[in-house]
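Visitor: with the input below, show me the fold.
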Amino acid sequence: MGRYRPGAWWRVAVAVSTLAVAMAGGAGAPAGAAGAPAAGGDPAAESLMDLNVKASRSAYEGTVSVTVNNAGGTRSGQLHVVHADATHLVIEAPDPPGPVSGSLLIQDGQNRSVARVPNGAVSRGQTALAGDLLPTGNLQQMLGKYRVVLESPARVLQRDAGVVRIERIADGRAVERWVIEATTGLLLQRQSYDAAGLVERSFTFTALREPYVPSDTDLHPPSQVAPFPAAPQRWFSPDDLSHKARALGVPETLPAGYRLESGTSFKAGRATVVQLVYSDGLEDVSLFAQPGGLAGLGLPAVAGRVRLNKVAGRRWESFPRGVAWQNGPTTMTLVGASPTGELTQMANALPQAPLRRSLGQRVRHLIDWVENRIPWT
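Guide: Have a look, this model is predicted:
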């Protein structure tokens, strides 16, 4: 019998998507787009950022050290990255207990697969690519909200690089620092900071080969997962994306400069979950919509109550930060690296409604409660 009880699957979805964005060229732009310098900006820093956009089409291979600091402590791991061009990427995270340990992401043109090792869970689907590997926003959008400043030269892996500080224009707070190779534009290091100015996430190349010609084995590594059937996953085309947003009753733009960029649907237990990704040009925020009540969502232990415009919800500060609430029979969850203030603004711009159960649903809930708590003999 049993009913669907969602777990913290969204942590895996966010970790994998964040990892791919961080390693796939940083603030990528649609093919052919260039970032025009913003008024009052630092032209040298903006030029280096524009060079980084072009690097999303370069071929390279290397090892990346990843560190994530949150309420659960510090987690570190090593990744192996093979980047062939704008539509071919392999990221392996083989070393537990890393932030995304046991993950294997393969992008092969329009085909994407994400595997969890060693439990054999695999999802495969078709992506709707539009030039670049991931639609992570564009440089002009980013420069409308953030200011970039060239700090100093650096030397990383015997390569000359520049350090770019990224500040939020609204309050001048430094949110990230990027170390970008001066000649190729490759992102050698990326650090992000929490509200206290402490390093929250760090991605650093510890070994790098560029230029690089990947082999077929590099791009199609031997499977490390058990031969379980692949779970269907569908990445939406631009038309499908707009249609799905309308079906959910959500807008394509949100407060704080976020725009709808991509989306997917996948299975979690018996339910179909929709994930829509919004970007402000630098940070991505995932909106998850799934059937069921908020009580069974498996939220972090540090999640506290928050009053939204129309309903009570739950909110947490530990990375990845998030806000969760009820929209009738659907639970909505916003998760990402953005400040909780921005996440709350976005939540209040999205549909909210209390959960109202029919008499039949209430009876079913009572029967489930009895079955789970009374020892039958």
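Visitor: ranges for the helices of the stretch 201-350 of the chain?
Guide: Assigned by DSSP state H, counting those that start in this stretch, the helices in the stretch 201-350 of the chain fall at 216-219, 238-248, 340-347.
Visitor: could I get these as CSV with mean neighbour count?
Guide: Where you see a C-beta, it was placed from the backbone N, CA and C, and this is true even at glycine. Shown next, in CSV, are the helices of the stretch 201-350 of the chain (neighbours: other C-beta atoms under 10 Å):
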stretch, mean neighbour count
helix 216-219, 12
helix 238-248, 14
helix 340-347, 20
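Visitor: the ones you listed: which one's closest to Gly304?
Guide: With C-beta to C-beta as the measure, helix 340-347 is the member of the helices of the stretch 201-350 of the chain nearest Gly304 (10.3 Å).
Visitor: let me have the helices of the stretch 201-350 of the chain in a markdown table, extended by mean pLDDT and distance to Leu287.
Guide: What follows is these, written out as a markdown table (pLDDT from 0 to 100; distance: least, C-beta to C-beta, whole Å):
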| stretch | mean pLDDT | distance to Leu287 |
| --- | --- | --- |
| helix 216-219 | 88 | 31 |
| helix 238-248 | 91 | 9 |
| helix 340-347 | 96 | 8 |
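Visitor: now those helices in CSV, with distance to Glu210?
Guide: Formatted as CSV, those follow (distance: least, C-beta to C-beta, whole Å):
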stretch, distance to Glu210
helix 216-219, 14
helix 238-248, 31
helix 340-347, 35
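Visitor: wait, which of those is closest to Asn70?
Guide: Counting by C-beta to C-beta, Asn70 lies closest to helix 340-347 out of the helices of the stretch 201-350 of the chain; the figure is 13.3 Å.
Visitor: so which other helices or strands are in contact with the closest one?
Guide: strand 312-316, strand 321-327, strand 330-336 (3 or more C-beta pairs under 8 Å, 6 or more residues apart in numbering; DSSP states H and E).
Visitor: the same query, at a cut-off of 6 Å, please.
Guide: strand 321-327, strand 330-336 (3 or more C-beta pairs under 6 Å, 6 or more residues apart in numbering; DSSP states H and E).
Visitor: with distance to Ala44, mean neighbour count and mean pLDDT added, can I get those strands in JSON lines?
Guide: Listed next are these as JSON lines, based on distance: least, C-beta to C-beta, whole Å; neighbours: other C-beta atoms under 10 Å; pLDDT from 0 to 100:
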{"stretch": "strand 321-327", "distance to Ala44": "32", "mean neighbour count": "24", "mean pLDDT": "95"}
{"stretch": "strand 330-336", "distance to Ala44": "30", "mean neighbour count": "24", "mean pLDDT": "94"}
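Visitor: who wins for proximity to Leu139 among these?
Guide: That would be strand 330-336 among the helices and strands packed on helix 340-347, by C-beta to C-beta, at 19.6 Å.
Visitor: what's the closest one in contact with?
Guide: 10, 14, 285-290, 292, 294, 297, 320, 322-325, 343, 346-347 (C-beta atoms under 6 Å, 6 or more residues apart in numbering).
Visitor: what of stretch 203-215?
Guide: With C-beta under 6 Å, 6+ apart, stretch 203-215 has contacts from 22, 59-66, 82, 84, 157, 188-190.
Visitor: per-residue confidence averaged over stretch 51-58?
Guide: Mean per-residue pLDDT for stretch 51-58: 84.
Visitor: how far is it from where the chain is centred?
Guide: Computed by C-alpha atoms, centre = their mean, to the nearest Å, the chain-centroid distance of stretch 51-58 equals 20 Å.
Visitor: then that stretch to CSV, C-alphas only?
Guide: Extracted C-alpha coordinates of stretch 51-58, given in CSV (Å, rounded to 0.1, in the frame of the first residue of the first chain):
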residue,chain,number,x,y,z
LEU,A,51,36.6,36.3,-22.5
ASN,A,52,35.3,33.8,-20.0
VAL,A,53,32.0,33.6,-22.0
LYS,A,54,34.0,32.6,-25.1
ALA,A,55,35.9,30.0,-23.1
SER,A,56,32.7,28.0,-22.8
ARG,A,57,33.5,26.6,-26.3
SER,A,58,37.0,25.6,-25.4
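Visitor: strands along the stretch 1-150 of the chain, start to end?
Guide: 60-70, 73-85, 88-93, 103-108, 111-116, 122-126, 146-156 (DSSP state E, counting those that start in this stretch).
Visitor: and Ala71, its phi and psi?
Guide: Main-chain torsions, Ala71, degrees, to the nearest 10: phi -60, psi -20.
Visitor: quick one: contacts for the nearest residue to it once chain neighbours are set aside?
Guide: Leaving aside its chain neighbours, Ala71 sits nearest to Ser318 (3.7 Å; criterion: C-beta to C-beta, 6 or more residues apart in numbering). By C-beta under 6 Å, 6+ apart, the contact list for Ser318 reads Asn70, Ala71, Val302.
Visitor: so who does the last one touch?
Guide: Translated: Val302. Ala71, Trp316, Ser318.
Visitor: same check on the first one?
Guide: By C-beta under 6 Å, 6+ apart, the residues touching Asn70 are Ser318, Phe319.
Visitor: tell me which of the helices and strands packed on helix 340-347 lies nearest to Lys54.
Guide: Using C-beta to C-beta, those put strand 330-336 closest to Lys54, at 26.2 Å.
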